[in-house]
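K.L.:
any chance you could fold what I've pasted below:
(one chain, ligands or ions: 1)
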Amino acid sequence: MKFVPEKKPIYEETLDSLTEKLVEMNEKPFRAKQVIEWLYKKRVGSWDEMTNLPKTLRSKLSEQFEIAPAKQILTKQSGDITDKLLLQLGDGSLIETVIIRVPQEGVGLEHSRKTVCISTQVGCAFGCRFCASGLDGWKRNLSTGEIVAQLLQVCFLEDARTPRARPEIPSFDNIVVMGMGEPLANYDNLLAALKIINADWGLNFGARRITVSTSGVVPQIKRLAEEPFQFRLAISLHGATNEVREQIMPINKRWPLEELLPAAKLFSQKQGRMLTLEYILIEEVNDQLEQAEHLADIANDLRAHVNLIPYNTVEGLPWKRPGIPRQDRFVSILKEQGVSVTIRREKGHEIDAACGQLRLRTEKELQTAK
Ligand code: SF4
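P.N.:
Numbering: from 1, shown residues only. Predicted structure coming up:
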C-alpha cells in the first residue's frame, strides 16, 4: 500500500532538488539555501517563521510542500531515561520515535548522551516473534520525508527543553534505525533520508554515528556494503544455530545463517567497521550454554561486538526473561572466549518501549473510543 500525500514533504528535498524546483517556480536559486537553513539549522516548524523569505514565496511553498508530515500526538517519559514520541502521519498511521538517555558519571541527565531510535515502516512484515511491531502486519513504507521528520520532531522537543549555545547542531549523539519496520526492506527511502541527515547542508550528522539494524535481509546487506558511507550495521541474530534462530526469526528460513554470515563478513570487510550482533536472551529458548558457545564462534569469526538484551515481556507472547544468574552465565561464556560483549538491561520497560507496543496500545484505545 502506498500513501500519496496531497503535498510533497519538504524534508524529501535535497539542496539541489529544491534549487531546481525554485528555479522552475521562477524564483532565485539562492532561496533554496535559505529554506534549507531554516529547516535544518534554525529548525523552524512553519513557513511563517522563515522571515527572510518574501510572503509570496512562503505562500507558494506552503501550497506545494508539507512542512509537518508527522505530528506529535503523545510523549511518554520513563524516569528521565527514555522518551517515547508517538507520531501521527498524514494518513492517520502511527509511528514511534524513541529518545534514550545514557547516564554518565559526573554529568546531569540533561547533559547525558542521547540516542534517537527511528522507524522506517508502518507495521512490519517480518514477524520476529519477540516484537510487537509485526503483530498487526505491514501497512506501508515510510517516505524519505517521514523518516527525516522524526528527527526534526525530536529536535523540536529537545530544543524547547534545553536551549543550547550551538542550536544548529542537533542535541543527540547517535541515531539507531531500529524502531518499527525492517529498515533494509525500505532501502531507497532510508538511504535518501540518511543522505539528508548526513549532508552538511542538512542535519550534518556523521555517518559513523548512525546504526542501521536489520533482521538479516541478505541482498540489501550486500548492497549497503558497497555504499560510499560508513554507517554502522547491527544484525538481529537472536539465535546462534538455524534451528534456534528459526523459532524466533522467520526470516531465517529465507536467509539462513550460511547466507547471512558471509554477507555480514562482506559488509565488515568492505566498510572496515565493527558489526554489532543483537541477541535477545529468552529463557530456555536461546540462552543455553551451547548457544553461547556457537555465538562466541560467530562473533569471533566476524570480529563483531555482541549486545545482549534480556527479553522484554510482550503482551500476548509466552516467553520469559531469564533470571540474572542465567544472564550472567551467558555473558561469562562469551567473555571467556574473548568476545566483546555488553548486556543492556532494558531501559523504558515501563513505558512500552519494546518496539511497537505503544503504537499498538494507542491504536486499540483509538478503535475502542470510536
Ligand atoms: S524486530 Fe524489526 S524486523 Fe523484526 S518484526 Fe520487529 S520491526 Fe520487524
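K.L.:
quick one: the helices in the stretch 1-150 of the chain, in order.
P.N.:
Assigned by DSSP state H, counting those that start in this stretch, the helices in the stretch 1-150 of the chain fall at 15-24, 30-40, 55-64, 144-161.
K.L.:
and among these, the most buried is which?
P.N.:
helix 144-161 (a mean of 22; mean count of other CB atoms under 10 Å). C-beta here means a position set from N, CA and C on the backbone, and glycine is covered the same way.
K.L.:
about what we covered before: okay, the helices of the stretch 1-150 of the chain in CSV with distance to W47 next?
P.N.:
Compiled in CSV, the helices of the stretch 1-150 of the chain are given as follows (distance: least, CB to CB, whole Å):
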stretch, distance to W47
helix 15-24, 14
helix 30-40, 9
helix 55-64, 4
helix 144-161, 14
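K.L.:
so for the ligand, which of the ones you listed sits nearest?
P.N.:
helix 144-161 (14.5 Å; CB to the nearest ligand atom).
K.L.:
tilt between that closest one and helix 30-40?
P.N.:
Counting by axes from the mean of the first three to the mean of the last three CA atoms, to 10 degrees, helix 144-161 points 60 degrees away from the direction of helix 30-40.
K.L.:
continuing past helix 144-161, what's the next helix or strand?
P.N.:
Moving toward the C-terminus from helix 144-161, the next helix or strand (DSSP states H and E) is strand 174-177.
K.L.:
what helices or strands is that following strand leaning on?
P.N.:
Contacts defined by 3 or more CB pairs under 8 Å, 6 or more residues apart in numbering; DSSP states H and E place strand 174-177 against strand 113-118, helix 187-198, strand 210-214.
K.L.:
any idea of the mean pLDDT for stretch 196-204?
P.N.:
Mean per-residue pLDDT for stretch 196-204: 96.
K.L.:
begin at 16 from here
P.N.:
OK, 16 is where the count begins now, so the last one is stretch 211-219.
K.L.:
how long is it end to end?
P.N.:
Taking CA to CA, to the nearest Å, stretch 211-219 runs 8 Å from one end to the other.
K.L.:
buried residues of it, list them for me.
P.N.:
Neighbour-count burial for stretch 211-219 flags I211, I212, N213, W216, G217, L218 (criterion: 16 or more other CB atoms under 10 Å).
K.L.:
list the contacts of the first one.
P.N.:
Contacts of I211 were listed using CB atoms under 8 Å, 6 or more residues apart in numbering, and they are Y26, T29, T159, V163, G217, L218.
K.L.:
just to check, the first one is in contact with T159?
P.N.:
Right, Y26. Yes - checked against CB atoms under 8 Å, the pair Y26 and T159 is within contact range at 7.3 Å.
K.L.:
contacts for stretch 64-72, please.
P.N.:
So stretch 64-72 is in contact with E42, R46, Q49, V50, W53, K57, V59, W62, R73, L76, going by CB under 8 Å, 6+ apart.
K.L.:
quick one: low-confidence residue ranges for the stretch 116-265 of the chain.
P.N.:
Residue ranges of the stretch 116-265 of the chain with pLDDT under 70: 118-126, 179-181.
K.L.:
residues of it that sit close to the ligand?
P.N.:
C139, F141, G142, C143, C146, S148, G149, M195, G196, E197, S230 (CB under 6 Å from any ligand atom).
K.L.:
columns distance to V300 on top of these, output as JSON lines?
P.N.:
As requested, these are exported to JSON lines (distance: CB to CB, whole Å):
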{"residue": "C139", "distance to V300": "20"}
{"residue": "F141", "distance to V300": "18"}
{"residue": "G142", "distance to V300": "16"}
{"residue": "C143", "distance to V300": "13"}
{"residue": "C146", "distance to V300": "14"}
{"residue": "S148", "distance to V300": "19"}
{"residue": "G149", "distance to V300": "17"}
{"residue": "M195", "distance to V300": "23"}
{"residue": "G196", "distance to V300": "24"}
{"residue": "E197", "distance to V300": "21"}
{"residue": "S230", "distance to V300": "17"}
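K.L.:
buried only: go through those residues for me.
P.N.:
The buried subset of these - by 16+ other CB under 10 Å - is C139, F141, C143, C146, S148, G149, M195, G196, E197, S230.
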